[in-house]
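Trainee: Sequence first, predicted model second:
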Amino acid sequence: MGNDPFGQLGQTWAASVEMWSSMLGAWQSMLQHKGLPTAQAMVGQFADPAAWPGSLAPLMQELLDILALPRFADLPGLEPGKIPSPAPALELLAIAQQYMLAAAPVWAAAFQRFQSALAERYKSGVPDNAGEVLDVWNNALDQTLMAFNRSNDFAKLQQRYLQAAMRHRIEIRKLGEQVAEAIDMPTRTEMTDVYRRLHDLHREVHRLRRELREARAKQGAEP
Amino acid sequence: MSIAELAEVGAKAAKAAALLASVRDQDVDVAATPREEVHRIGGRTLYRITPTRQATIPVPVLVIYAMVGSWTILDLQDDRSFLRNLAAAGCDVYVLDWGHPTQADRFDDFSDLLDLYLDEFVDVIRDQHKLPSLNLLGICQGGVLSLCYAALYPHKVRNLITCVTPVDFHADRQDEHPERGFMNVWTRNLSPEDIDLVVDTIGNLPGEVGGAMFSLMTPVRSLAKYSLTLVEAGQDPAKLMNFLRMEKWLADRPHHTGESARQWLKDLYQGNKLASNDLVIGNRKVDLNAVTMPVLNIYSETDHIIPAAASRALADRVGTKDYTAAPVPGGHIGMFCSRSQGKLQAQIVNWLSTR
């Protein structure tokens, strides 16, 4: 064997093919055992739009995680991290649904408050004009909304909204940065770095100027 | 609604619409009192209100407004200008304009606002007037900055005036009211990590966030003004211009520099560190006991943005022996641009004239 270069080459080739074959096998197995059920679950979820916000996002995230394989130097990578995740957008959709759900009783409460306030107003006579009634309604609605805006329900929704809106922004920014890089424009990340350096320099200049001023003042005060 | 009423409302609306159609944005003038630029650092500017008479108060007054709104509310219109009236009452008035921060300013924190900008402006005025110290007049968040500056640089502040300034950011809990202290409640409902997420993601805190907060405080009234109030205002050109000036000011919401917004929301609104003397600015602790110069604290019992209790809390915390509490009528903004605000200037000038 040692004198058979073709045999050696063949052996190396066979080992390489075996490696690629087992790698493909691993891929296939992973896609079959994890990817396929996830994809199937996603397809199932598409049939039910009401469930999109809650259940589609985790599945999509799972799919992205499956694609996040180790990176090879000379092979094109999928880089799923660069693909914006739809999860925050779906979370925003879910929050909108939740908000509508929470707001429905608020309107009922506003009407109740309006009726009570109007009945109270009628005790001192019929309102002079429609504007007065409108004032009663505006006041009733304002009071009800103010109470809702301070409630725990609203606070939780606001918090979820804020978090989802920020994450959505981060995802959208990924796209923007890719476009910026493609057309040789500075990205948000690069500009933030520049601003940080500028800020540090500004502080440094200010400190040096102050030291210089104090040194000059000290020098002038000396006899 | 009777037909006669309907016709009357229709006629009023038509008159208001016709008047409104004749006005252009450039006709709506704010901050019209003559002033001169004295010094500028980046987007921050120090103005001096052009004196129209000899100042009776020998030490100049530097007015510091909040970063969350534009200082132009203090000079909204000729006959209700807080700055113009203060100058007319005998003060030499300077005003700090924080400008409109951009992303380039996002790393400016409280230390930058005080040590880099405010201190340099103070030094410029001291140099020009050859004075060791000057009078500071801080409004709302500007009052907080003035307090911190006075604690860190007490030798440069002769007298301190705080207006509608929050000190105890949790004092709203003492007297909960559905119309007051919404900002306190809203911010405390977030976690510190939420604030970090916002600042890390978008840099500066957008002015629109402040606008949304104010709308959520009184949601219907914020919108009703575009029907009932606007129609009423539209019956008289002068009233309409007043309405539009206020709208112009409300629409002009500068962004808040990111790092200082982080401190403002986390350290003050959530952590209440100013009241407990735990606030750290540029590695130095802000100790309110160091505020030993005379202090005039002006606040409103009906302030719906800064609850009165939050301002009153200053009394027990400053180190001065010359403390004056001055509750005044009016709302958080109204006290600076209402017809009766002349009394406020008189009160300030009287207080300063004896110190």
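Mentor: Noted; the coordinates are in hand.
Trainee: how many other residues sit next to the residue nearest to residue B:152 when sequence neighbours are not counted?
Mentor: With sequence-adjacent residues excluded and distances taken as CB to CB, 6 or more residues apart in numbering or on different chains, residue B:152 is closest to residue B:284, at 6.1 Å. (Each C-beta comes from the backbone N, C-alpha and C, glycine too.) Other residues near residue B:284 number 14, with proximity taken as other CB atoms under 10 Å in any protein chain shown.
Trainee: What separation do you get for residue B:284 and chain A?
Mentor: Spatial separation of residue B:284 from chain A under the definition CB to the nearest CB, to the nearest Å is 15 Å.
Trainee: Over to residue B:42?
Mentor: Computed with CB to the nearest CB, the distance linking residue B:42 and chain A is 8 Å.
Trainee: follow-up on the earlier one: now the residue nearest to residue B:152: phi and psi?
Mentor: Dihedral angles of residue B:284 (phi, psi; degrees, to the nearest 10) stand at phi -120, psi 140.
Trainee: what's the answer for residue B:281, then?
Mentor: The phi and psi torsions at residue B:281 (degrees, to the nearest 10) take the values phi -120, psi 120.
Trainee: which ones are touching it?
Mentor: Contact partners of residue B:281, counting by CB atoms under 8 Å, 6 or more residues apart in numbering or on different chains, are B:109, B:110, B:111, B:114, B:115, B:148, B:152, B:263.
Trainee: if I read this right, residue B:137 contacts residue B:60, doesn't it?
Mentor: No. Contact criterion CB atoms under 8 Å: residue B:137 and residue B:60 do not qualify, at 10.4 Å.
Trainee: for chain B, what are the nearby residues on chain A?
Mentor: A:129-131, A:134, A:138-139, A:141-143, A:145-147, A:149-150, A:152, A:155, A:158-159, A:162-163, A:166, A:169-170, A:191-192, A:195-196, A:198-199, A:202-203, A:206 (CB under 8 Å from any CB of the partner chain).
Trainee: Specify which residues of the stretch 201-350 of chain B, grouped into ranges, have pLDDT under the cut-off.
Mentor: Counting by pLDDT under 70, not a single residue of the stretch 201-350 of chain B qualifies.
Trainee: And the helices in it?
Mentor: B:207-217, B:219-224, B:230-233, B:237-251, B:258-262, B:308-312, B:334-337, B:342-353 (DSSP state H, counting those that start in this stretch).
Trainee: ok so, going back, of residue B:137 and residue B:60, give the one with the bigger neighbour count.
Mentor: Neighbour tally, residue B:137 and residue B:60, criterion other CB under 10 Å: the higher count belongs to residue B:137, 28 against 19.
Trainee: does that one count as helix, strand or coil?
Mentor: For residue B:137, the reduced secondary structure class is strand; criterion used: DSSP: H, G, I helix; E, B strand; the rest coil.
Trainee: Looking at per-residue confidence, what score does the closest residue to it other than its chain neighbours get?
Mentor: Among residues not flanking residue B:137 along the chain, residue B:161 sits closest, at 4.3 Å (CB to CB, 6+ apart). Among the per-residue scores, residue B:161 holds a pLDDT of 97.
Trainee: now the helix or strand where residue B:161 lies, how far from the centre of its chain.
Mentor: Residue B:161 belongs to strand B:157-163 when elements are defined using DSSP states H and E. Chain-centre distance of strand B:157-163: 14 Å, with CA atoms, centre = their mean, to the nearest Å.
Trainee: Partner strands of it, with direction?
Mentor: strand B:134-139 (parallel), strand B:295-299 (parallel) (DSSP bridges).
Trainee: okay if I get these as TSV plus distance to residue B:323?
Mentor: Conversion of these to TSV gives the following (distance: least, CB to CB, whole Å):
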stretch	distance to residue B:323
strand B:134-139	15
strand B:295-299	5
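Trainee: Tell me which of these is the most buried.
Mentor: Each of the strands paired with strand B:157-163 was given a mean neighbour count from mean count of other CB atoms under 10 Å in any protein chain shown, and the largest, a mean of 26, is that of strand B:134-139.
Trainee: Which is the succeeding secondary structure element to that one?
Mentor: Using DSSP H and E, the helix or strand that directly follows strand B:134-139 along the chain is helix B:141-152.
Trainee: ok, of the residues of chain A next to chain B, which come out buried?
Mentor: Among the residues of chain A next to chain B, those buried by neighbour count (16 or more other CB atoms under 10 Å in any protein chain shown) are A:138-139, A:141-143, A:145-146, A:149-150, A:155, A:158-159, A:162-163, A:166, A:170, A:191-192, A:195, A:199, A:202-203, A:206.
Trainee: Quick check: closest non-adjacent residue to residue B:220.
Mentor: With CB to CB, 6+ apart, the residue lying closest to residue B:220 is residue A:142, at 4.0 Å.
Trainee: In this structure that neighbour contacts residue B:215, no?
Mentor: No. Proximity of residue A:142 to residue B:215 does not meet the contact threshold set by CB under 8 Å, at 11.4 Å.
Trainee: Please report the distance of the nearest residue to residue B:140 once chain neighbours are set aside from chain A.
Mentor: For residue B:140, the nearest residue in space outside its immediate sequence neighbours is residue B:66; the separation is 4.3 Å by CB to CB, 6+ apart. Going from residue B:66 to chain A by CB to the nearest CB gives 22 Å.
Trainee: do residue B:27 as well
Mentor: Counting by CB to the nearest CB, the gap from residue B:27 to chain A is 29 Å.
Trainee: Please list all residues in contact with residue 157.
Mentor: Picked chain A for this. Under the criterion of CB under 8 Å, 6+ apart, the neighbours of residue A:157 are A:95, A:98, A:99, A:102.
Trainee: hmm, I had chain B in mind actually
Mentor: The neighbours of residue B:157, taking CB under 8 Å, 6+ apart as the test, are B:133, B:134, B:135, B:136, B:149, B:150, B:293.
Trainee: between these, which is closest to chain A?
Mentor: Proximity to chain A was ranked across the contacts of residue B:157 by CB to the nearest CB; first place goes to residue B:149, at 15.8 Å.
Trainee: Next up, the contacts around that closest one.
Mentor: If a contact means CB under 8 Å, 6+ apart, then residue B:149 has B:114, B:118, B:119, B:122, B:136, B:156, B:157 as its contacts.
Trainee: so can I have CSV of the residues you listed showing pLDDT?
Mentor: Formatted as CSV, the entries for the contacts of residue B:149 read as follows, by pLDDT from 0 to 100:
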residue, pLDDT
B:114, 97
B:118, 97
B:119, 96
B:122, 97
B:136, 98
B:156, 97
B:157, 98
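Trainee: For those, could you give me a markdown table that also reports distance to residue B:273?
Mentor: Written out in a markdown table, the entries for the contacts of residue B:149 read as follows (distance: CB to CB, whole Å):
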| residue | distance to residue B:273 |
| --- | --- |
| B:114 | 15 |
| B:118 | 19 |
| B:119 | 21 |
| B:122 | 24 |
| B:136 | 21 |
| B:156 | 23 |
| B:157 | 21 |
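Trainee: before we move on, the earlier item: out of the helices of the stretch 201-350 of chain B, deepest packed?
Mentor: The most buried one of the helices of the stretch 201-350 of chain B (mean count of other CB under 10 Å) is helix B:258-262, showing a mean of 24.
Trainee: Check the gap between residue A:216 and chain B for me.
Mentor: The spacing between residue A:216 and chain B, counted by CB to the nearest CB, is 13 Å.
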